[in-house]
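> I'd like to go over a predicted model; first the sequence, then the structure.
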Amino acid sequence: MIQLPAAPALTVPSAVVKTSYLVGEQADMKHRGSDAQWLSAASLDFDAYVAERTGVRERWGVPSELFWFTSGEYYIGSLVIRHELTDDEGGGHIGYHVVYPWQNQGHATRMLGDALVRCAALGIERALLTVAPDNAASIAVVRRNGGVEEGGMNGEGELRFWIDTSAA
């Protein structure tokens, strides 16, 4: 197993992790059987790709902020915090993923925990997370971070969980 130079943390997107990002996302796409063609443009002008993802931006019709979970030059995953819920509450306040090579090592649990601290700082007292019902790993991550299932599903067929951010 690769020894990371420091404990991973949420960071703003940066070209420091270019190679690790591209390789990690490509491996993740291949593992899921998804098209990784979008990585071609990112690899050609990574600085522009990063610039488009930095800072608070309107995404899904609400102010959102993207973070990468990194350790030195190692990219482990991505996380988005929506500062407000969308009209249909799809996706909730927080969305995250750990790329395939780094999965099952506790990174998602730590990422979400760090995101909850940021949500509390933004004044989000209760964070909504939505999870596909067949995603047992993500359901476990949400529960480890204090997620309480609301019951029922949203319009996208996902389970709804609320987390009190004051405990973060």
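Perfect, I can see it now.

> Spell out the residue ranges of the helices in the chain.
Shown for the chain, the helices assigned by DSSP state H span residues 18-32, 38-44, 46-51, 107-121, 136-144.

> And the lowest mean pLDDT element among the helices and strands of this structure?
Taking mean pLDDT, DSSP states H and E as the measure, the chain has strand 148-153 as its least confident helix or strand, at a mean of 89.

> ok, and which of the helices of the chain has the densest surroundings?
Of all these, helix 107-121 has the most neighbours on average by mean count of other Cβ atoms under 10 Å, namely a mean of 20. Every C-beta, even on glycine, is put in place using the N, C-alpha and C of the backbone.

> ok now that helix, how far from the chain's centre?
Centre-to-centre, helix 107-121 and its host chain are 10 Å apart (Cα atoms, centre = their mean, to the nearest Å).

> and it with helix 136-144, angle?
When axes from the mean of the first three to the mean of the last three Cα atoms, to 10 degrees is applied, the directions of helix 107-121 and helix 136-144 differ by 40 degrees.

> Now do helix 107-121, average pLDDT.
Mean pLDDT, computed over helix 107-121, is 98.
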